[in-house]
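1. Give me the fold of what follows.
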Amino acid sequence: MIVSFHRNSMRAVIQRVSRAEVRVTGELTGSIGRGLLVLLGVSRDDREADADYLAEKIAGLRIFEDGEGKMNLAVGEVGGGVLVVSQFTLYGDVRRGKRPSFDAAAPPEQARKLYEYFVGRIRAAGLLCETGRFQEMMQVELVNDGPVTILLDSTKAF
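-> Okay, the predicted model is just below:
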C-alpha cells in the first residue's frame, strides 16, 4: 500500500512595488517606497524552517532591473523595503464549492508566531521591513511596478 502524505506549505505572494502601505481603521501601520509587498499565509503544517526558506528566497529575489534593464538585482541592492502583510486567505480552498474553506490555515496563535518570526528573518537580512497588524482588518494600497508578481511556497510546489 502506498501512502501519500501531502504537507501544506507557507505561501507568499510577492509584488514588486513603487510604493505600498497598509492601514488599520484609517491608521497607517506600514509604508514603503520602492520594494516588495509580501502577502504571507501560514499553514497548519508550517515550521520555522519554512519561514527561513521563504525569507532567504525573498531577500535574494533578483526581480529589480539593473543598468541594462535586466531583472538582476535584489531588493536590498536597490535600497528597497519590504512590507509584510499576514493573509490567511491565501489558504482559501474553493474546490468543493463557492464559499472558501480555510481548514489548511494555521490557527491564529501559531500563525502569529511564524509571521513574527518571518518578519524577524527579513529584518535580520538587513532589510527595512514594515508590517500590517496581525489578525486585523487591513486596507492595503500598492502600485505594482511592472507589474511583477511572484508566487512562492516553502515546499517549492510553485
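
2. Report the buried residues of the biggest helix by length in the chain.
-> The helix spanning the most residues in the chain, taking DSSP state H as the definition, is helix 108-124. Neighbour counts using 16 or more other C-beta atoms under 10 Å place 111, 113-115, 117-119, 121-122 of helix 108-124 among the buried residues. (C-beta placed from N, C-alpha, C; glycine too.)

3. Could you dump those residues into CSV with pLDDT added?
-> Formatted as CSV, these follow (pLDDT from 0 to 100):
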residue, pLDDT
Ala111, 97
Lys113, 98
Leu114, 98
Tyr115, 98
Tyr117, 98
Phe118, 98
Val119, 98
Arg121, 98
Ile122, 98
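
4. Val143: what's it in contact with?
-> Neighbouring residues of Val143 by C-beta atoms under 8 Å, 6 or more residues apart in numbering: 17-20.

5. where does this structure dip in pLDDT?
-> Low-confidence segments of the chain (pLDDT under 70): 1-6.

6. so where do the strands sit in it?
-> With strands called from DSSP state E, the chain shows them at 11-24, 27-32, 35-41, 64-65, 71-73, 81-86, 128-131, 139-153.

7. any chance of those in JSON lines, plus distance to Ala49?
-> Shown next, in JSON lines, are the strands of the chain (distance: least, C-beta to C-beta, whole Å):
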{"stretch": "strand 11-24", "distance to Ala49": "15"}
{"stretch": "strand 27-32", "distance to Ala49": "26"}
{"stretch": "strand 35-41", "distance to Ala49": "15"}
{"stretch": "strand 64-65", "distance to Ala49": "27"}
{"stretch": "strand 71-73", "distance to Ala49": "27"}
{"stretch": "strand 81-86", "distance to Ala49": "18"}
{"stretch": "strand 128-131", "distance to Ala49": "20"}
{"stretch": "strand 139-153", "distance to Ala49": "13"}
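
8. Report how many residues lie close to Asn144.
-> Using other C-beta atoms under 10 Å, Asn144 has 13 neighbouring residues.
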